[in-house]
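Asks: Pasting a predicted model and its sequence here:
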Amino acid sequence: MEADLLCEFENLRSNSIAEIQAAKAEGRKVVGKYCIYTPTELVMAAGAIPLPLCSTKQDPISVAEKVLPRNLCPLIKSSYGFAASGACPYFNISDLLIAETTCDGKKKMYELLAELKPLHLLQLPQTQDMNALEYWHSEITKLKDRLEKDFSVTITEQNLREAIHLLNEERRSLKDLQDITKHKPSPISGLDLLTILYNRGFSIDKEATIQRVDRLTLKLKELSNQGVSPFKTNTPRILLTGVPVGIGCHKVVQIIEENGGNVVCFESCGGYKGVCDQVDEEKEPLLAIAEKYLATPCSCMSPNNTRFELVQRLIEEFKVDGVVDLTWQACHTYNIESYSLKKYLQERKTVPFLQIETDYSESDIEQLKVRIEAFLEIISVT
């Protein structure tokens, strides 16, 4: 893809710091968040700035391992290391952290983070039935009360409805962007798409970012219609599922594309999983928010059939040739669920499947290259 199409997004993250500091000087609050289970609509309705927090690089893990066990998920260690070392400017500038009990490692790490910053812990249920929804609705209500108390604001129904509409538009724009890779061949590489999805989250002007994404999507459609693509029609098309991926822990995406494949779909948290459903704007706002977020098909849910169904649907919609299921070391829920996902897909005689277990380091890059090259070769001859 031409460099000028990416330039609007490449500087979003670095430019955001000055914008956030200016907004804070005017009295706005900043809320740091780690997970897509965080109901961002409440933060927006409180007049605060929601920001994703740093958790995708190897550098601060050595700091974290002074406190945390070494045989722990790298995402958890990176999150804590960034915070404890002061290396994450978004953590430093946050007035409140919102965390969630998606796994045992994270919820215990959050106890340590709470010693560094005010933190609100959402007690996430592990099922998605009506009893769980009632409980989760009460957790959403507690968060609303916390935001109102800490920030001395009143979150009105109108505030909530406006935030819901805005974030539905954001999800719509991000889904439209990702849907562009349904074109064969895709007009954009997976690494470029990941860069856009990752960097856009740090912009505090959501309306402007929605417009920016829509402009990019339109341009990519034009390129596709002109037959412009960095790939060929027979380039193996890969769906990446599993753990969250960001810039800094993107080595598997890079290896796939450097060895002849194209990641056309990210099912994971920063990709399709978070934008495939909307908040119902016709329902009572807090209930509608609770329903949307509880329906997220994360491996922390048991059972998690909705993830299997989503992966199957994406295989068909994106004309996928192979599935790579990425799991971080010590991410037990995704590691165990990989067996069930593979069995589900094999029973439906879909496409070749490869599980990769790794961490944020570069120590296994050569081994990964060998496995991924072999996988892409299998796809090419089938």
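Replies: Perfect, I can see it now.

Asks: Show me where the stretch 101-250 of the chain has its helices.
Replies: 104-113, 130-151, 157-179, 190-199, 206-225 (DSSP state H, counting those that start in this stretch).

Asks: any chance of those helices in TSV, plus mean pLDDT and distance to Lys66?
Replies: To be clear about C-beta, it is placed using only N, CA and C from the backbone, and glycine gets the same treatment. TSV is the format used below for the helices of the stretch 101-250 of the chain (pLDDT from 0 to 100; distance: least, Cβ to Cβ, whole Å):
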stretch	mean pLDDT	distance to Lys66
helix 104-113	97	11
helix 130-151	98	30
helix 157-179	98	37
helix 190-199	96	28
helix 206-225	95	37
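
Asks: Bridged to the nearest residue to Leu345 once chain neighbours are set aside, which residues?
Replies: Leaving aside its chain neighbours, Leu345 sits nearest to Phe353 (5.7 Å; criterion: Cβ to Cβ, 6 or more residues apart in numbering). When bridges are called by DSSP bridges, Phe353 pairs up with Val323.

Asks: Might one say that Phe353 is in contact with Val323?
Replies: Yes - in this structure, Phe353 is within contact of Val323 by Cβ atoms under 8 Å, at 4.9 Å.

Asks: quick one, which of those two is more surrounded?
Replies: When neighbours are counted by other Cβ atoms under 10 Å, Val323 comes out ahead of the other of Phe353 and Val323, with 26 against 20.

Asks: Need the pLDDT of that one.
Replies: In this model, Val323 is scored at 98, pLDDT.

Asks: about what we covered before: got a list of what the residue nearest to Leu345 touches?
Replies: Listed by Cβ atoms under 8 Å, 6 or more residues apart in numbering, the contact set of Phe353 reads Gly322, Val323, Asp325, Leu341, Lys342, Leu345, Gln346.

Asks: before we move on, what about Ile93?
Replies: Contacts of Ile93 by Cβ under 8 Å, 6+ apart are Ile17, Ile20, Gln21, Lys24, Val30, Leu51.

Asks: Let's see if you can find the most crowded of these.
Replies: Neighbour max across the contacts of Ile93 (other Cβ under 10 Å) = Leu51, 23 neighbours.

Asks: wait, is that residue part of a strand?
Replies: Yes - under DSSP: H, G, I helix; E, B strand; the rest coil, Leu51 falls within a strand.

Asks: how near is it to Ser16?
Replies: Separation of Leu51 from Ser16 (Cβ to Cβ, to the nearest Å): 8 Å.

Asks: State the phi and psi torsions of the closest residue to Ala64 other than its chain neighbours.
Replies: The shortest distance from Ala64 to any non-neighbouring residue, by Cβ to Cβ, 6+ apart, is to Gly81 (3.5 Å). With angles defined as degrees, to the nearest 10, Gly81 shows backbone torsions of phi -60, psi -40.

Asks: Wait, Gly81 touches Pro60, no?
Replies: Yes - contact status for Gly81 versus Pro60: in contact at 3.0 Å, counting by Cβ under 8 Å.

Asks: do you know how far Phe202 is from Lys108?
Replies: 27 Å.

Asks: So the two - more neighbours on which side?
Replies: Phe202 (19 against 13).

Asks: And the pLDDT at the more buried one?
Replies: pLDDT, read off for Phe202, is 91.

Asks: Please apply the same query to Thr382.
Replies: So, for Thr382, pLDDT stands at 64.

Asks: what's the answer for Phe9, then?
Replies: Per-residue confidence for Phe9 comes out at a pLDDT of 85.

Asks: try Thr154
Replies: So, for Thr154, pLDDT stands at 98.

Asks: tally of neighbours for the closest residue in space to it that isn't next to it in sequence?
Replies: The shortest distance from Thr154 to any non-neighbouring residue, by Cβ to Cβ, 6+ apart, is to Glu148 (6.1 Å). Counted by other Cβ under 10 Å, the residues lying close to Glu148 total 15.
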